[in-house]
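> need coordinates for the following:
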Amino acid sequence: MKSNPLLKPVLLFFEDEHESATRIARASSMELATIERHRFPDGEIKLRLPDTLPDRVVILRTLNDPNEKLIELLLAAHTARDLGARHLTLVAPYLAYMRQDIAFHPGEAISQRVVGQFLAGLFDAVITVDPHLHRVATLQEALPVANAIVLSGAPLLADLIAARRQRPLLVGPDEESAQWIALAASRHYFDYAVCRKVRNGDRAVEIALPVRSVAGRQVVLLDDVASTGHTVARAAHLLLDAGATSVDVAVTHALFAGDALQVMLDAGVGEVWSTDCITHSSNAVSMATSLAGALAQIQAAA
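Down below sits the predicted model:
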């Protein structure tokens, strides 16, 4: 089917991300259209896209709870091509399967490589926020598309913290957060420090506080992602025991599996702030304007 080059680029979204899609479309002046979704009794999925698409199409899908969503993207991307889309951009504010970048034990699947190549086979460009990369320097190494854009929630979270806390001390939960937390701290010249983390399993974590006084300080634990909440909870406990007057949490990706939020609150955490990359009651910062800027950058490069 031929595309219609006269139509404006369209942002396709699934109904469970309607609010996020609306914010992005408003910031980017894009047309919005829903991908209708039906689940058969046996678990198979049927999708329906608009029957006319422009040359340039953007699909929004944040990849928390990723397994079924990856199948949705497979179906949606191929169908969009069949309906005339010549350039497909994926906006995945949270990008799953990035943590496993090597085989730690013989026989392990390197999921970053597998999922990255899978998505690169579907899309021409990808935009994401604070991907959980360790030994890979750029997103394009993990996801080899022509245009891969990485945004960060750190500056906007730093702005929020500056508005709500006096002379805060930013603390990263582990060494991997050092570069990211330095970026956030530099925006408002905050003091910052980094903990050391020893993980003995998904829920067994040991934390060593940084060698500096936290007594009398308003501390904000800052990280790109929080999942079970146990690392944050342990760090908050130690910080309060060491004399911090308060401990709050700011995170880009509020995965918060199971009772993670309650685990953090029970450990003495005061407030929890997150970006809207993943919809959650803690959302306090919108990435819509930043995502719209990245979409404009891709449009200009085409």
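> residue boundaries of the helices in the stretch 101-250 of the chain?
111-120, 139-142, 154-164, 178-188, 230-241 (DSSP state H, counting those that start in this stretch).
> in what helix or strand does Leu291 lie?
helix 288-301 (DSSP states H and E).
> give the buried residues for that helix.
Neighbour-count burial for helix 288-301, counted by 16 or more other CB atoms under 10 Å, picks out Ala288, Ser290, Leu291, Ala292, Ala294, Leu295, Ile298, Gln299. (Glycine included, C-beta is placed from N, CA and C.)
> just those residues: which has the poorest pLDDT?
The lowest pLDDT within the buried residues of helix 288-301 belongs to Gln299, with 86.
> what pLDDT does Thr289 get?
97.
> I figured it hits Arg26, correct?
No: if you go by CB atoms under 8 Å, Thr289 and Arg26 don't touch, sitting 9.6 Å apart.
> sorry, back to before: which one of the helices of the stretch 101-250 of the chain is the most hemmed in?
Mean neighbour count (mean count of other CB atoms under 10 Å) peaks for helix 230-241 among the helices of the stretch 101-250 of the chain, with a mean of 21.
> other SSEs contacting it?
Applying 3 or more CB pairs under 8 Å, 6 or more residues apart in numbering; DSSP states H and E, we find helix 230-241 packed against strand 205-208, strand 218-226, strand 246-254, helix 260-266.
> Pro41: neighbour count?
Residues lying near Pro41 (other CB atoms under 10 Å) number 5.
> phi, psi of it?
Main-chain dihedrals, Pro41, degrees, to the nearest 10: phi -60, psi -30.
> give me the pLDDT for it.
For Pro41, pLDDT reads 97.
> ok, it to Ala125 distance?
Pro41 sits 36 Å away from Ala125, going by CB to CB, to the nearest Å.
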